[in-house]
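> coords please:
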Amino acid sequence: MPDLSFSALNVTSILPMAINVIGGIIILIIDLFLKKPNKALYIILSSIFILLSLLSLLYMNSTAIGFFDLVIVDGLAVLSQIIILVASLLFIFFLISKDRFPEFECGEFYILFLFMIAGYQFMVSSDNLILIFLGLESSSLALYALVALSKKQKALEAGIKYFTLGALGSGFFAFGLMFIYASSGSVDIFDLSTPISGLLVLDSSGNEYFLSLGFIFLLGAIGFKLSFFPFHTWVPDVYEGSTPPLAFYMSIATKIAGFVVAIRLFNVFLNTDIPFISVALFVIVILSMTIPNIIALLQTDVQRMLAYSSISQAGFGLACIYINTEQSMVALFLYWILFLFTNLGAFGLLWLTHNKNKTWDSRFTSPYTKFSGLVKLSPIIAVSFGIFMLSLGGIPPFGLFWGKLYLISSSVNAGHNILALILLLNSAIAIYYYIKLIVFMFLKEPITKDSGIYHQNASYPMIGIIAIALIVSIFAIFFIEGFLGIITNYLFNF
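Numbering: from 1, shown residues only. Okay, the predicted model is just below:
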């Protein structure tokens, strides 16, 4: 029976989440008394609460248990929360755009955003499947609303589709939780390994299939969250219906929260030596990398291309979990940190060049043709975009090359040579559709002579954030050692 005393609450363990929840409530109260929305005030308050949450995390330096033994503060939880909060802070600065967008003017956006962050924080800070489920649902419900908040037809369609498939993923999680509890008698991931091993020894003929069924449902639930194949169908439409900043945020924060849950959960299943589980995970890894890469080759819109790219990148992340070594865990976080800055720059430039008039296409806001001859109209934007595309493609010496190199190295060192070869092949395929945008920018003639249309949404905070992403992507080799030191310290020396 859990300890329900006040000391077992351990307030410091839930302080980072509590700060964001309190922040959302404060903005809600302030919004009630304001005669008209105040975007600047909402952005300032949101930034303050996110920074306070981040500072509270940085002061944590040892593993602790709290919230009546439901929350665990370990290096994995703290590191993933830091990534989520940094991505959240960068996202907030993107909202300071020159053009006005109704969804960013209302207080509800910032309230939901802070509640969503707290949901992610609970997800990564627990090994209790029920609390993970609650964190998953609270963050997902807030995100569904954020996607649909602009009230445009595409945004509403995206929100409904996301909600429908997200509900299906939640059902998968609930069924998986039911099977796991029925077979092991526990909902704590930490407690599952011993009962599962014992059940397999006592009665491998029945329980192996029962556990495999639980694994399938949980894999499906996490697959929806992380957009693994074949659970990825919602991603392109949701990204297309979302603004570039929100699409960037979904590609980073949502994924890292799902990865941490997958690390905690799949590690237990992979150690059971059930052949089906290992094979199923390997197949999902391969298909999640390969199929989206092939579909991305056919896209005519840059934002949809980046959506399929993020699905493939999630497959690379799942490969780290499948390898299941210390080096692969370090590779996952290194890869995702570098991916954060590269995607930040790519979606940031889409946002900077965004305009409300569909000048180039009746459906898409960022077709390839929009960037035709961009080097002649705005050389800085074209060169920057080219660098981010080369980084996403894993071309040295740009950012994501080092992440892919470390990931492939961990695969080879673990004896997964076939997986390493497939990783290389998928990297080669991806280069084609990243280079395609560079071809449009540098080798085609401009469609328009008005260069101002490419930076009419630009603001100084937006330019500053893109500059930071550009510096990290270009000079990544000088940051790698520091990133590796931080990751290793949190994962193994916390």
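> how far does stretch 423-439 sit from the chain's center?
Stretch 423-439 sits 21 Å away from the centroid of its parent chain (CA atoms, centre = their mean, to the nearest Å).
> which of the residues in it are buried?
Across stretch 423-439, burial judged by 16 or more other CB atoms under 10 Å covers 423, 426, 427, 429, 430, 431, 433, 434, 436, 437, 438. Where C-beta positions appear, they are placed from N, C-alpha and C, glycine not excepted.
> a markdown table please, covering those and showing secondary structure, pLDDT and distance to residue 217.
Converted to a markdown table, the buried residues of stretch 423-439 look like this (DSSP: H, G, I helix; E, B strand; the rest coil; pLDDT from 0 to 100; distance: CB to CB, whole Å):
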| residue | secondary structure | pLDDT | distance to residue 217 |
| --- | --- | --- | --- |
| 423 | helix | 91 | 28 |
| 426 | helix | 91 | 27 |
| 427 | helix | 89 | 32 |
| 429 | helix | 90 | 31 |
| 430 | helix | 89 | 31 |
| 431 | helix | 90 | 36 |
| 433 | helix | 89 | 33 |
| 434 | helix | 91 | 35 |
| 436 | helix | 90 | 38 |
| 437 | helix | 91 | 39 |
| 438 | helix | 91 | 42 |
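> Show me the shaky parts of the stretch 1-150 of the chain.
Applying pLDDT under 70 to the stretch 1-150 of the chain flags the ranges 1-8, 99.
> can you map out the helices along it?
Using DSSP state H, counting those that start in this stretch, the helices of the stretch 1-150 of the chain run over 11-33, 39-58, 75-94, 102-105, 107-124, 129-148.
> Residue 179 touches residue 213, doesn't it?
Yes: in this structure, residue 179 is within contact of residue 213 by CB atoms under 8 Å, at 5.4 Å.
> got any residues that touch both of these two?
The contact sets of residue 179 and residue 213 do not overlap (CB atoms under 8 Å, 6 or more residues apart in numbering).
> Run through the stretch 351-494 of the chain and note the low-pLDDT ranges.
The stretch 351-494 of the chain contains residues with pLDDT under 70 at 356-362.
> And the strands in it, which stretches?
Counting by DSSP state E, counting those that start in this stretch, the stretch 351-494 of the chain forms no strands at all.
> what about residue 178, which helix or strand?
helix 153-184 (DSSP states H and E).
> returning to what we had before: quick check: which of the helices of the stretch 1-150 of the chain is nearest to residue 404?
Nearest to residue 404, of all the helices of the stretch 1-150 of the chain, is helix 75-94, at 18.4 Å by CB to CB.
> need the helices for the stretch 251-400 of the chain, in chain order.
So, for the stretch 251-400 of the chain - with DSSP H, counting those that start in this stretch - the helices run 255-270, 275-296, 302-323, 326-352, 374-377, 379-392, 399-413.
> Same list (those) but as a markdown table, adding mean neighbour count and distance to residue 188.
Below are the helices of the stretch 251-400 of the chain laid out as a markdown table (neighbours: other CB atoms under 10 Å; distance: least, CB to CB, whole Å):
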| stretch | mean neighbour count | distance to residue 188 |
| --- | --- | --- |
| helix 255-270 | 22 | 10 |
| helix 275-296 | 19 | 20 |
| helix 302-323 | 26 | 20 |
| helix 326-352 | 25 | 21 |
| helix 374-377 | 20 | 53 |
| helix 379-392 | 22 | 38 |
| helix 399-413 | 22 | 29 |
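> Can you say which of these is nearest to residue 91?
Proximity to residue 91 (CB to CB) singles out helix 326-352 among those, at 9.0 Å.
> same for the closest one, what does it pack against?
Here helix 326-352 touches helix 75-94, helix 244-249, helix 255-270, helix 302-323, helix 379-392, helix 399-413, helix 460-474, helix 480-492, going by 3 or more CB pairs under 8 Å, 6 or more residues apart in numbering; DSSP states H and E.
> Make TSV from those helices and add distance to residue 33 to it.
Formatted as TSV, the helices and strands packed on helix 326-352 follow (distance: least, CB to CB, whole Å):
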stretch	distance to residue 33
helix 75-94	22
helix 244-249	28
helix 255-270	33
helix 302-323	38
helix 379-392	42
helix 399-413	45
helix 460-474	27
helix 480-492	41
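> So which of those helices is nearest residue 344?
Taking CB to CB, helix 460-474 is the member of the helices and strands packed on helix 326-352 nearest to residue 344, at 4.3 Å.
> can you state the direction angle for that closest one and helix 399-413?
Per axes from the mean of the first three to the mean of the last three CA atoms, to 10 degrees, the angle that helix 460-474 makes with helix 399-413 is 40 degrees.
> buried sites along helix 460-474?
For helix 460-474, by 16+ other CB under 10 Å, it's 461, 462, 465, 466, 469, 470, 472, 473, 474.
> and which of those residues is nearest to residue 16?
Lowest distance from residue 16 to the buried residues of helix 460-474 (CB to CB) belongs to residue 465, with 22.8 Å.
> Name the residues that touch stretch 346-356?
94, 97, 99, 243-245, 247-248, 251, 302-303, 306, 365-366, 370-371, 381, 384-385, 388-389, 392, 453-458, 462-463, 465-466, 469.
> change it to 7 Å
94, 99, 243-245, 247-248, 302-303, 306, 365-366, 381, 384-385, 388, 392, 453-458, 462, 465-466, 469 (CB atoms under 7 Å, 6 or more residues apart in numbering).
> re earlier: would you format the helices of the stretch 251-400 of the chain as TSV with distance to residue 162 included?
Shown next, in TSV, are these (distance: least, CB to CB, whole Å):
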stretch	distance to residue 162
helix 255-270	14
helix 275-296	17
helix 302-323	12
helix 326-352	18
helix 374-377	31
helix 379-392	24
helix 399-413	26
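> Against residue 285, how distant is the closest residue to residue 248 other than its chain neighbours?
Once flanking residues are discounted, residue 248 sits nearest to residue 347: 3.7 Å by CB to CB, 6 or more residues apart in numbering. Distance, residue 347 to residue 285, by CB to CB, to the nearest Å: 25 Å.
> and if you look at residue 446?
Per CB to CB, residue 446 is found 41 Å from residue 285.
> closest to residue 159 out of the helices of the stretch 251-400 of the chain?
Going by CB to CB, the one of the helices of the stretch 251-400 of the chain nearest residue 159 is helix 302-323, 15.6 Å.
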